[in-house]
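Peer 1: Here you go, sequence then predicted model.
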Amino acid sequence: MFYLLIVLFAGTLVYISISERFRSYAKLIAFQGFLLFAIALIELKTINLANLIFVSAETLIFKAIVVPYFLFRIINQTKVYKVHPKAFPAFYSLLFTMAGLFISIVLSNVLKNPSLDAVFMTIALFTLYTGVLLIITHRRIFSHMIGFLVVENAVFFFSLAIGSEMPMLINIGILLDIFVSVLIIGVLMNHIGNQFSDLESDNLTSLKH
Amino acid sequence: MIAIYFISALLIALTMLTIRNLQLNRWLMVLFLLIQWLFNGYALMHRGETEMYYFTYDAAGILFLGLLTLISTAAAIQGLPYFTDPLNKRFRYSSAALTGLIVSITGAYLANDVTLVWILVEATTLTASVLIYSERTVHALEATWKYIFICSTGIALAYMGILFASLSMKGTGMHGLSFDGLASVAGKLDPVYLKIAFLFVLTGYSTKMELFPMHTVGIDANSVALPPVGALISTGLVNLGFLSIFRIYKALSSSPIFGWMNKVLILAGVLSVLVAAGYMLKAKHTKRMLAYSTLENMGLVAIAIGIGGIGYYAAFLLLVLHSLTKSSLFFQVGQMGRVLGTYKLDDSGLYLKLFPIGAIALLIGMLSILAIPPSGLFVSEFLILKALVAGKSWFVLVLVLILLCFSIYAMSTRVLHLLFSQPRENAAAYTQEIVGKWETISQFLFLLIVVGACFYQPPFLIDIINEITAGLPNL
């Protein structure tokens, strides 16, 4: 079951990298939240109840419901539904993503540690790679935001990987999630949306020299 | 005591948010600064003690806390002219955010735990972003967006570094991640994991230290933020970024990756000086030019730490004197902006004629930051070059010297243009706001200390720096 969830998660990452519709992004982020909840439930069954509730609430309520709700609201408000017409072609994204998956598998084998599951390491590195790729190759701020949320999920995977020994670290990771994501999505995106109707990062290049 | 400090600061910040009276708000800031000074004094008297398990009044914390208290007091005074309209609600958010920023930096300076430092650094991102956005312009929005986005991504990377460090500590029986705990087991940890951890931490915190590779956020933020805020970002926050990296560096100094960390620091330092020199030659905005100068100085600090030996002392001396000089320059450039009505270099000029006393402060500040004698920075940069000679790093030495020449040329021609030349464009845009002569007092005071340090470095400063760097391997 655990491996099935991991494979499903990797599937969402590949889908995100080739998707061009913002609504699909928001749905995939929500789905990733549910998957993380299930993975956390399986992985962290040995830690205490309070931490378990904390982690579950964060994945299920925050990552799967609250964040996607905000994302859909932004899409409806700004009425921007797709990635930039001149965005990186989906085919190349797919190639890069596959290369990323390969690199993650190799790297996690190089970094093999007896106290760490290689599968966990692979998916964490792959998630990090996909998030960064999304930020680098896309032009609209919404895609950057999705990239950031994917990076946050990578951080969650990393903290989950060592979570059974250091639960405090997980709580801190969650704190970061809540702090930053709400701030960026809720407050700043609205302000930027009011200033620039098309939410392109090209609009944010006046600060030079 | 630290609990009382945190609670009282929190109450003051919350009150600032709710009170709509400008005068009352200012008095609350005075009250907070008073508490900050008292806490600073308390920390000094209880050197070496630990409170609430997670906060230690160690030498590094005390040194930077003293600087922060001094500069934030000056910044609060310099900030007064920017918030005079009682109907404008921005002062409420700005003063509360300023309080929050100072408190989170203070906490991070004193925190003895890797994860706690990381949380407080994240808190500085949030509070600083409110201050950067205080002007509410399109530029401010852009800078704020970039600041939050890149800083948060950087902080997430730093967190991964911390997780890698935790991973390598699995099986050692250590719980939690205190700097001392990490140092005690560093020699036994897996070097590959430690290298990854250090790289992530360096990259992540370089957003705050304004060091290559993630220096861009700080530069954008500085060019948009109000000058007193820019002064605080370029000194208090930059020092925090440095300290966060240095504490990890020191904790891992007994591990086999020590030599490798030095090479990484030298590389990051040289690239910072290179980028700074290149962009300074293209700078068309006064505050941006100052931000690139911060990048250059932080590059020198990284090189100094990487080279070791006398470089350690030089790095800390440079940090102290840079903080005083850079804050003076930001204050002065702020006043220049009010006199000329612009920060754009092409639109500025004849500052010496319009506000002579401020122009003299700007000139002395420029000479000081460029490490031209009798600036105290000359001593620190000379010691860095001496360390490079001692370490036989000829290539780095020659490269740094050439790049420094570019920076000196770029900055001096620009500042001299500001002082003496006719504006190239749009001279009519001058607003000629009256700036009081008293507003230059803090700059002259700070610059006096910097010049004094060229001839005499007080024993307590030498002691405190030696205490910070004690235990580091001598190369």
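Peer 2: Yep, that arrived.
Peer 1: Give me the pLDDT value at the residue nearest the centre of chain A.
Peer 2: Closest to where the C-alpha atoms of chain A average out (C-alpha atoms, centre = their mean) is A:Val150, at 1.4 Å. In this model, A:Val150 is scored at 90, pLDDT.
Peer 1: Quickly note the distance from it to B:Thr203.
Peer 2: Taking C-beta to C-beta, to the nearest Å as the criterion, A:Val150 is separated from B:Thr203 by 18 Å. Placement of C-beta: from N, CA and C, glycine included.
Peer 1: hmm, back to that, so what's the residue nearest to the centre of chain A up against?
Peer 2: Contact partners of A:Val150, counting by C-beta atoms under 8 Å, 6 or more residues apart in numbering or on different chains, are A:13, A:16, A:29, A:32, A:127, A:130-131, A:134.
Peer 1: Same list, those, but as a markdown table with distance to chain B and neighbour count please.
Peer 2: Output for those, formatted as a markdown table (distance: C-beta to the nearest C-beta, whole Å; neighbours: other C-beta atoms under 10 Å in any protein chain shown):
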| residue | distance to chain B | neighbour count |
| --- | --- | --- |
| A:Leu13 | 17 | 24 |
| A:Ile16 | 17 | 24 |
| A:Ile29 | 16 | 22 |
| A:Gln32 | 16 | 25 |
| A:Thr127 | 11 | 26 |
| A:Thr130 | 14 | 27 |
| A:Gly131 | 9 | 26 |
| A:Leu134 | 12 | 26 |
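Peer 1: who in the stretch 1-150 of chain B is up against chain A?
Peer 2: Within the stretch 1-150 of chain B, the positions near chain A by C-beta under 8 Å from any C-beta of the partner chain are B:115, B:118-119, B:122, B:125-126, B:129, B:138-139, B:141-146, B:148-149.
Peer 1: Recalculate using a threshold of 7 Å.
Peer 2: B:115, B:119, B:122, B:126, B:138-139, B:141-146, B:148-149 (C-beta under 7 Å from any C-beta of the partner chain).
Peer 1: Report the rounded mean pLDDT for stretch B:184-192.
Peer 2: 85.
Peer 1: so B:Cys151 sits right up against B:Thr125, yeah?
Peer 2: Yes - counting by C-beta atoms under 7 Å, B:Thr125 is a contact partner of B:Cys151 at 4.3 Å.
Peer 1: Please work out how many residues are found near A:Pro114.
Peer 2: A:Pro114: 6 surrounding residues under other C-beta atoms under 10 Å in any protein chain shown.
Peer 1: Can you classify it as helix, strand or coil?
Peer 2: coil (DSSP: H, G, I helix; E, B strand; the rest coil).
Peer 1: roughly how far apart are it and A:Ile42?
Peer 2: 21 Å.
Peer 1: same thing with B:Ala186?
Peer 2: The value you get for B:Ala186 to A:Ile42, if C-beta to C-beta is used, is 34 Å.
Peer 1: who's more crowded, the two?
Peer 2: B:Ala186 (22 against 11).
Peer 1: related to what we said a few turns ago, and the residues of the stretch 1-150 of chain B next to chain A, which is closest to B:Ser375?
Peer 2: Distances from B:Ser375 to these, taken as C-beta to C-beta, are shortest for B:Ala143 (30.0 Å).
Peer 1: give the contact list for that closest one.
Peer 2: A:207, B:132, B:220-221, B:224 (C-beta atoms under 7 Å, 6 or more residues apart in numbering or on different chains).
Peer 1: Mind doing that once more with 10 Å?
Peer 2: Applying C-beta atoms under 10 Å, 6 or more residues apart in numbering or on different chains to B:Ala143 gives the contacts A:204, A:206-207, B:129, B:132-133, B:135, B:137, B:217, B:219-225.
Peer 1: ok, and the most crowded of those residues?
Peer 2: B:Ala221 leads the contacts of B:Ala143 on contacts (other C-beta under 10 Å) with 30 neighbours.
Peer 1: near chain A at all, whatever helix or strand it lives in?
Peer 2: Applying DSSP states H and E as the criterion places B:Ala221 in helix B:216-224. Yes - using C-beta under 10 Å from any C-beta of the partner chain, helix B:216-224 reaches chain A at B:216, B:219-221, B:223-224.
Peer 1: Of all pairs in the residues you listed, which one is the farthest apart?
Peer 2: B:Thr216 and B:Val224 (12.8 Å).
Peer 1: any weak-confidence spans in chain B?
Peer 2: Low-confidence segments of chain B, defined by pLDDT under 70: B:84-89, B:171, B:173-176, B:426-433, B:475.
Peer 1: Can you tell me the closest non-neighbouring residue to B:Glu467?
Peer 2: What sits nearest to B:Glu467 in space, not counting adjacent residues and going by C-beta to C-beta, 6 or more residues apart in numbering or on different chains, is B:Ala59, at 4.0 Å.
Peer 1: ok, how many other residues are close to the one you found?
Peer 2: Here the count is done by other C-beta under 10 Å, and B:Ala59 has 19 residues near it.
Peer 1: so what's whichever residue of the stretch 301-450 of chain B sits closest to chain A up against?
Peer 2: Residue nearest to chain A within the stretch 301-450 of chain B: B:Leu345 (9.7 Å; C-beta to the nearest C-beta). Each residue near B:Leu345 by C-beta under 10 Å, 6+ apart is listed here: A:209, B:283-286, B:288-289, B:413-415, B:417-418, B:421, B:423-425.
Peer 1: Who are the packing partners of the helix holding B:Ala221?
Peer 2: Contact partners of helix B:216-224 among helices and strands, from 3 or more C-beta pairs under 10 Å, 6 or more residues apart in numbering or on different chains; DSSP states H and E: helix B:114-132, helix B:138-169, helix B:191-209, helix B:227-232, helix B:238-251, helix B:258-282, helix B:286-307.
Peer 1: How far off centre is that helix?
Peer 2: Distance of helix B:216-224 from the chain centroid (C-alpha atoms, centre = their mean, to the nearest Å) equals 12 Å.
Peer 1: could you check the angle helix B:191-209 makes with that helix?
Peer 2: Orientation note: helix B:216-224 sits at an angle of 10 degrees relative to helix B:191-209 (axes from the mean of the first three to the mean of the last three C-alpha atoms, to 10 degrees).
Peer 1: in stretch B:345-358, what counts as buried?
Peer 2: For stretch B:345-358, a neighbour-count test (16 or more other C-beta atoms under 10 Å in any protein chain shown) marks B:345, B:347-352, B:355, B:357-358 as buried.
Peer 1: could those be laid out in JSON lines, adding distance to B:Ile162?
Peer 2: Shown next, in JSON lines, are these (distance: C-beta to C-beta, whole Å):
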{"residue": "B:Leu345", "distance to B:Ile162": "41"}
{"residue": "B:Asp347", "distance to B:Ile162": "46"}
{"residue": "B:Ser348", "distance to B:Ile162": "44"}
{"residue": "B:Gly349", "distance to B:Ile162": "49"}
{"residue": "B:Leu350", "distance to B:Ile162": "52"}
{"residue": "B:Tyr351", "distance to B:Ile162": "46"}
{"residue": "B:Leu352", "distance to B:Ile162": "50"}
{"residue": "B:Phe355", "distance to B:Ile162": "48"}
{"residue": "B:Ile357", "distance to B:Ile162": "48"}
{"residue": "B:Gly358", "distance to B:Ile162": "44"}
